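Colleague: Here is my input; please provide its structure:
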Amino acid sequence: MAYTVGKVLISKEEIVRRIASLGEQISQDYAGQELVVVGVLKGAVLFLSDLVRQVNREVFLHFDFISVSSYGSSTVSSGIVKINKDLDLDIKGKHVLIVEDIIDTGLTLSYIIKLFEERKPLSVKTCVLLDKPERRKVPVSVDYRGFEIPDEFVVGYGLDYAERWRNLEEVFVLHTS
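Modeller: Got it, this is the predicted structure:
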C-alpha cells in the first residue's frame with residue numbers, strides 16, 4: 001500500500017499562534033520556578049523547540065528527552081510501549097512537563113506519566129500538540145493542548161509515517177493510494 005500526503009489539516013500560521021499561546025500559559029503557570037521539559041522523541045522535537053522559545057525567562061528550564069515506541073512502521077499503535085532512551089536527569093522533587101507531538105489512545109502518555117510519578121517529582125503535567133480524543137483507550141489528563149483533531153493519520157511538523165514527512169512545516173492528513 002502506498003501513502004501520500006493529503007490536505008493541510010493545520011497551517012504553519014495556526015501552529016505558530018497556538019504555540020505562542022501555550023508558551024504564555026506555561027510562563028504564567030511556572031513563573032519563578034524550575035521546570036524540567038521532557039520531549040518525547042522523535043516526534044515532539046520541533047514542537048518542543050518552538051514551544052520553549054515562547055516560555056519567558058522567568059521560568060528556569062531544563063531539557064531532557066525520552067524515546068518510546070508503540071507504532072514502528074505501522075499506522076496503528078501496537079499498544080505495547082517500549083523505552084528506547086530514558087531520562088538523563090533526576091526528576092525527584094522537580095516540576096516536569098512532558099511534551100508530546102500527539103495523543104490518541106493515551107497508552108504511551110499514560111505509561112510515561114506513571115513511570116515519571118514513580119520517580120517522585122513535585123508535579124507532572126502534559127503538553128501535546130495534537131489530541132485525538134475519539135481514539136482514547138485510557139484516560140489521560142492533557143494540561144496544555146495545541147489542537148483537537150479528528151481520527152485521521154497525520155504527518156508533518158515532527159509527526160511521521162515510517163520516518164517520512166517529519167520536516168513538513170504544516171500538519172497534513174496521510175492518504176492511502
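Colleague: Flag every buried residue along the strand or helix carrying L51.
Modeller: Taking DSSP states H and E as the criterion, L51 maps to helix 45-52. Neighbour counts using 16 or more other Cβ atoms under 10 Å place 45-48, 50-52 of helix 45-52 among the buried residues. C-beta: built from backbone N, CA, C; applies to glycine.
Colleague: Equivalent analysis for stretch 156-167, please.
Modeller: Of the residues in stretch 156-167, those buried by neighbour count under the rule 16+ other Cβ under 10 Å are 156-161, 165-166.
Colleague: With distance to L41 and pLDDT as extra columns, can I get those in a markdown table?
Modeller: Putting the buried residues of stretch 156-167 into a markdown table (distance: Cβ to Cβ, whole Å; pLDDT from 0 to 100) gives the following:
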| residue | distance to L41 | pLDDT |
| --- | --- | --- |
| G156 | 17 | 97 |
| Y157 | 15 | 98 |
| G158 | 10 | 96 |
| L159 | 13 | 95 |
| D160 | 12 | 92 |
| Y161 | 16 | 91 |
| W165 | 16 | 96 |
| R166 | 11 | 95 |
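Colleague: of all those, which comes closest to G106?
Modeller: Distance to G106, by Cβ to Cβ, is smallest for L159 among those, at 16.7 Å.
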